[in-house]
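In: quick one: sequence plus predicted model below, questions after.
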Amino acid sequence: MTPEETAEVASEETVEVDETAEVASEETAEAVAPAPIPVPTGRPVQTVGRRKEAVVRVRLVPGNGGFKLNGKSLEQYFPNKVHQQLIKEPLVTVERVESFDVLATLHGGGPSGQAGALRMAIARALVAYEAEDRPALKKAGMLTRDAREKERKKYGLKKARKAPQYSKR
């Protein structure tokens, strides 16, 4: 055999080896990736969201996009359009505005804190329902807990940091 023929035979063998390696890697990739656990369609998903002093418990039920917040509609409970938009943001991000009904119990805090807590609870429920939505919601910052709390008042001060006026004489 001439060196040229030997090189041709060697190149054919390497091609065959590469093809089998690709097939083996595809099989292992399928075997390694765990299948997502589907949540039953009729079963509600329950989550909790918190912000400032507000705590919200949410049940996400397959439906047509209705909101029931402490027995009231979204427009009754949050008349401010900015709060309504903030609350619907997770559903809009994953394009499921009319796929779920939101049943929520809200307590503590004020309107802004409750709206932020409700937004977080809805985002968590969507992730619990379908894990594929997590990257989009995480990138939009809806799964991050806003840990800012009101600072406590200190002894000898008027507020947390405001001191009484200083008088030299």
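Out: Yep, it's here.

In: separation between N70 and D101?
Out: 15 Å (Cβ to Cβ, to the nearest Å). (C-beta placed from N, C-alpha, C; glycine too.)

In: the more surrounded of those two?
Out: D101 (16 against 13; other Cβ atoms under 10 Å).

In: now the strands for the protein?
Out: 45-51, 54-62, 67-69, 100-107 (DSSP state E).

In: neighbouring contacts of stretch 120-131?
Out: Residues outside stretch 120-131 that contact it (Cβ atoms under 8 Å, 6 or more residues apart in numbering) are 36, 39, 45-51, 56-60, 87, 90-91, 94, 96, 100, 102, 104, 133-134, 137, 142-143, 145-146.

In: circling back to that earlier point, please identify which of the strands of the chain is closest to E151.
Out: Proximity to E151, assessed across the strands of the chain by Cβ to Cβ, is greatest for strand 45-51 (15.9 Å).

In: shaky segments in the protein?
Out: Scanning the chain for pLDDT under 70 picks out 1-42.

In: follow-up on the earlier one: how about TSV for the strands of the chain, with distance to A115 added?
Out: Converted to TSV, these look like this (distance: least, Cβ to Cβ, whole Å):
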stretch	distance to A115
strand 45-51	8
strand 54-62	8
strand 67-69	10
strand 100-107	9
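
In: which among the ones you listed is found nearest to Y166?
Out: That would be, of the strands of the chain and by Cβ to Cβ, strand 45-51, which comes in at 36.4 Å.

In: quick one, that closest one and strand 100-107 angle?
Out: Inter-element angle recorded for strand 45-51 and strand 100-107: 40 degrees (by axes from the mean of the first three to the mean of the last three Cα atoms, to 10 degrees).
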